[in-house]
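Novice: Sequence and predicted structure are below.
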Amino acid sequence: MRNLDVNDVIDNARFNSFHWLVMCLCALLLIFDGYDLFIYGVVLPVIMKEWGLTPLQAGALGSYALFGMMFGALMFGSLADKIGRKKGIAICFALFSVATIVNGFAGNPTEFGICRFIAGLGCGGLMPNAVALMNEYAPKKMRSTLVAVMFSGYSLGGMLSAGVGIFMLPRFGWESMFFAAALPLLLLPVILYYLPESIGFLVRRGEHDKARALLNRLDPAQALGADVQLTINERKGAGVSVLELFRNGLAVRTLSIWVAFFCCLLMVYALSSWLPKLMANAGYSLGSSLSFLLALNFGGMAGAILGGWLGDRFNLTKVKVGFFIAAAVSISLLGFKSPTLMLYLLIFVAGATTIGTQILLYAGTAQLYGLSIRSTGLGWASGIGRNGAIVGPLLGGALMGIELPLQLNFMAFAIPGAIAALAMLVFALNSVRSERLSLQPSKA
C-alpha cells in the first residue's frame with residue numbers, strides 16, 4: 001500500500017476531455033444562473049410602468065433576490081462541505097429554476113419579491129460551489145484561466161437574458177422571460193448524471209474507490225489501483241467554522257477579499273439593474289438600452305477570460321488591482337456625452353472590469369483557502385459581498401429618486417472601484433509579508 005497526495009495528481013494532470021466536461025457543465029450551470037440574475041434589469045422598465053413603481057421601490061424590489069443570494073451563499077457554501085458539492089449544486093439549481101418559473105405568475109410586487117428572494121437562495125448557493133468544484137479539478141498551471149472561462153458562462157447568461165428580452169418583451173410581455181426558465185430545468189438529470197463529486201470530499205468520507213476512479217479519469221497515466229491510499233496533505237481545520245478563515249495569518253487577506261467582493265458586487269448589480277433604465281431616461285429606446293446590457297455582459301465574458309489568462313502568467317492580485325482602477329475610470333466616464341461607438345466601448349470596459357473582476361475574485365479566493373474550508377471561504381466571501389449587491393440596486397433607486405444628473409449617478413457607481421483597488425493592494429502587501437515570514441527559519 002502506497003500513499004498518494006490527491007493535490008499532487010490534480011495539480012500536475014494534463015488537460016484532457018474530463019477537464020472539458022467539468023468546465024462545460026459548470027459553465028452551463030452559470031449560464032442559467034446569470035440569466036436569472038440579470039433578468040430583473042431587463043424587465044425593470046416594463047414593470048415600473050405597469051405597477052407604477054417609484055425608483056426607490058424598484059431598487060428595493062431588485063434587492064430581494066440579492067438578499068436571498070446572501071443567505072444562500074452562506075448557507076449552501078457551508079452545507080456543501082458536509083453533504084458534497086454535487087448535491088449542493090443540484091439543490092441550488094432546482095431551487096432557483098422552479099422559483100423563477102413561478103415568478104412569471106406574480107400579480108403584484110409582493111409576490112414578485114418573494115419569488116425573487118427564493119430564486120436568490122439558489123443562485124447564491126450555486127455560484128461558490130461551482131467555482132470550488134472547478135478550482136479543485138483544474139491543473140495548477142492553468143487554474144485561473146479555467147475558472148475564468150467557466151465563470152464566463154455567467155456573462156453569457158446575462159447576454160442571453162438581454163437578447164431574449166429584446167425579442168420577447170415587446171411580443172409576449174415580461175412574464176415570458178421567467179417562463180423560459182422551464183427549459184434549463186429539463187437539463188437537471190443530465191447534470192446530476194455527468195457532474196462529478198468533489199474528490200476531496202470523497203477522500204474525507206473514506207470513499208476511496210470513487211475518488212480513485214475520478215483521479216484515473218483526471219489523469220489516466222496514473223492508473224491508480226486498490227493498492228494506492230489517497231491522502232490530502234494539508235492542515236485540517238477544526239471544522240468548517242468561519243473562524244478558520246482568520247487563522248494561520250489569513251485574517252487581513254480574508255477581510256480584504258470581503259471588502260473587494262462588497263464593492264465589486266455593488267458595481268455589478270447597480271449597473272445590471274439600472275443601466276437600461278438610466279439609458280432609457282437619457283433618450284435611448286428600450287431595445288437600444290437592452291443592447292447596452294448585452295455590451296456590458298460581453299465585456300464581462302472577455303474580461304474574465306483575459307483576466308484569468310493574465311492571472312496565470314503574472315500575478316492575479318495585481319491584475320485585480322488594475323482591473324478595479326479601470327472599472328472606476330470607465331464607469332465615471334459613462335455619464336458624459338460620448339459618440340455611440342465610444343459609449344459602447346466604455347460599457348464593454350466597465351463590464352470587463354466589474355463582472356470580469358468578480359470572477360477573478362472567486363478564482364483568487366478559491367486559491368487562498370485549503371480544500372477543507374474552500375467552500376466555506378467562498379461562501380462567506382460571496383455572502384458578505386451580497387451586501388454590496390443589495391446596496392447596488394438600492395443606491396441606484398435612491399439616486400434616481402433624487403433626480404441627480406446622469407454624470408453624478410455613474411460617478412457614485414464608480415467610487416467602490418477605487419475602494420476595491422485599495423483593498424486588493426492591502427491583500428498583496430499582506431501576502432508578501434506572510435511569504436517572507438514563512439521563509440524565516442523557526443527559532444528553537
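Specialist: Cool, the structure landed.
Novice: any idea how far G200 lies from T357?
Specialist: G200 sits 27 Å away from T357, taking CB to CB, to the nearest Å as the criterion. Placement of C-beta: from N, CA and C, glycine included.
Novice: So what does D5 look like in phi/psi?
Specialist: Here is the backbone geometry of D5 (degrees, to the nearest 10): phi -80, psi 120.
Novice: that older thread, G200 and T357: which has the busier surroundings?
Specialist: T357 (32 against 24; other CB atoms under 10 Å).
Novice: wait, isn't the more buried one in contact with K320?
Specialist: Yes - between T357 and K320 a contact is recorded at 5.8 Å, counting by CB atoms under 8 Å.
Novice: where do the contact lists of those two overlap?
Specialist: Taking CB atoms under 8 Å, 6 or more residues apart in numbering as the criterion, T357 and K320 both touch G307.
Novice: Give the residue spans of the chain that score low on pLDDT.
Specialist: Scanning the chain for pLDDT under 70 picks out the ranges 1-2, 223, 225-229, 233-240, 285-287, 438-444.
Novice: Domain-wise, how is it divided?
Specialist: 1-234, 237-443 (the TED database).
Novice: Show me where the stretch 101-250 of the chain has its helices.
Specialist: For the stretch 101-250 of the chain, the helices defined by DSSP state H, counting those that start in this stretch cover 109-137, 143-172, 175-179, 182-185, 188-194, 199-204, 208-218.
Novice: most packed of those helices?
Specialist: Highest mean neighbour count of the helices of the stretch 101-250 of the chain: helix 109-137, a mean of 25 (counted as mean count of other CB atoms under 10 Å).
Novice: and that one, how far from the chain's centre?
Specialist: Here the centre of mass of C-alpha atoms in helix 109-137, compared against the chain's by CA atoms, centre = their mean, to the nearest Å, lies 10 Å away.
Novice: Over to stretch 48-56?
Specialist: Distance of stretch 48-56 from the chain centroid (CA atoms, centre = their mean) equals 29 Å.
Novice: Buried residues, that stretch. List them.
Specialist: For stretch 48-56, a neighbour-count test (16 or more other CB atoms under 10 Å) marks 48, 53, 55-56 as buried.
Novice: In contact with the residue lying closest to P184 once chain neighbours are set aside, which residues?
Specialist: Leaving out its chain neighbours, the residue that sits closest to P184 by CB to CB, 6 or more residues apart in numbering is F32, at 4.2 Å. If a contact means CB under 8 Å, 6+ apart, then F32 has 93, 97, 157, 181, 184 as its contacts.
Novice: now F32: how far from N297?
Specialist: Using CB to CB, one gets 14 Å for the distance from F32 to N297.
Novice: what's the answer for L404, then?
Specialist: As judged by CB to CB, L404 and N297 stand 26 Å apart.
Novice: Give me the more crowded residue out of these two.
Specialist: Between L404 and N297, counted using other CB under 10 Å, the more crowded position is N297 (27 against 15).
Novice: what about that one, which helix or strand?
Specialist: When elements are defined using DSSP states H and E, N297 is found to belong to helix 286-313.
Novice: Was I right to think V22 contacts P196?
Specialist: Yes - using CB under 8 Å, V22 is in contact with P196, at 6.4 Å.
Novice: Now the common contact residues for these two.
Specialist: Residues touching both V22 and P196 by CB under 8 Å, 6+ apart: 133, 137.
Novice: Of the two, which one has the most company?
Specialist: V22 (23 against 20).
Novice: which ones are touching that one?
Specialist: So V22 contacts 133-134, 137, 195-196 (CB under 8 Å, 6+ apart).
Novice: Ok, Y269 next?
Specialist: Taking CB under 8 Å, 6+ apart, one finds 62, 66, 388-390, 392-393 in contact with Y269.
Novice: Of those, which belong to helices?
Specialist: Among those, the ones falling in helices (DSSP state H) are 62, 66, 388-390, 392-393.
Novice: Most neighbours among these, which one?
Specialist: The ones in helices among the contacts of Y269, ranked by neighbours (other CB under 10 Å): first place A389, 32 neighbours.
Novice: Starting from T145, give me the distance back to that residue.
Specialist: A389 sits 26 Å away from T145, taking CB to CB as the criterion.
Novice: One more: L255?
Specialist: Using CB to CB, we find L255 at a distance of 27 Å from T145.
Novice: Which residues does stretch 73-85 contact?
Specialist: So stretch 73-85 is contacted by 87-89, 91-92, 121, 124-129, 132-133, 197-198, 201, 240, 372-376, 378-380, 382-383, 385-386 (CB under 8 Å, 6+ apart).
Novice: how does it look with 6 Å?
Specialist: Stretch 73-85 is contacted by residues 88, 92, 124-125, 128-129, 133, 197-198, 201, 240, 375-376, 378-379, 382-383 when judged by CB atoms under 6 Å, 6 or more residues apart in numbering.
Novice: do the same with stretch 406-421
Specialist: Stretch 406-421 is contacted from outside by 260, 263-264, 266-267, 270, 282, 321, 324-325, 327-328, 331-332, 334-335, 399, using CB under 6 Å, 6+ apart.
Novice: among the residues you listed, which ones are buried?
Specialist: Taking 16+ other CB under 10 Å as the criterion, what is buried in the contacts of stretch 406-421 is 260, 263-264, 266-267, 270, 321, 324-325, 327-328, 331-332, 334-335, 399.
Novice: closest to A106 among those?
Specialist: Taking CB to CB as the measure, A106 lies nearest A270 of the buried ones among the contacts of stretch 406-421, at 23.5 Å.
Novice: Contacts only, for that closest one.
Specialist: So A270 contacts 392, 395-396, 413 (CB under 6 Å, 6+ apart).
Novice: That one is in what secondary structure piece?
Specialist: Counting by DSSP H and E, A270 is found in helix 251-281.
Novice: buried residues in that helix?
Specialist: Buried-residue list, helix 251-281, by 16+ other CB under 10 Å: 252-281.
Novice: roughly how far out does that helix sit from the chain middle?
Specialist: 11 Å.
Novice: Over to stretch 43-59?
Specialist: Here stretch 43-59 shows a centroid-to-chain-centroid distance of 26 Å under the convention CA atoms, centre = their mean.
Novice: which other residues reach that stretch?
Specialist: 109, 174, 177, 277, 280, 393-394, 396-397, 400-401.
Novice: first vs last residue of it, how far apart are they?
Specialist: Length of stretch 43-59, first residue to last, CA to CA, to the nearest Å: 13 Å.
Novice: re the thing from before, now, the most widely separated pair of the contacts of Y269?
Specialist: Most distant of these, by CB to CB, are G62 and G388, 13.5 Å apart.
Novice: circling back: just the angle for the helix holding N297 relative to helix 251-281, thanks.
Specialist: Using axes from the mean of the first three to the mean of the last three CA atoms, to 10 degrees, the inter-axis angle of helix 286-313 relative to helix 251-281 is 160 degrees.
Novice: Can you check what angle separates helix 286-313 from helix 143-172?
Specialist: 170 degrees.
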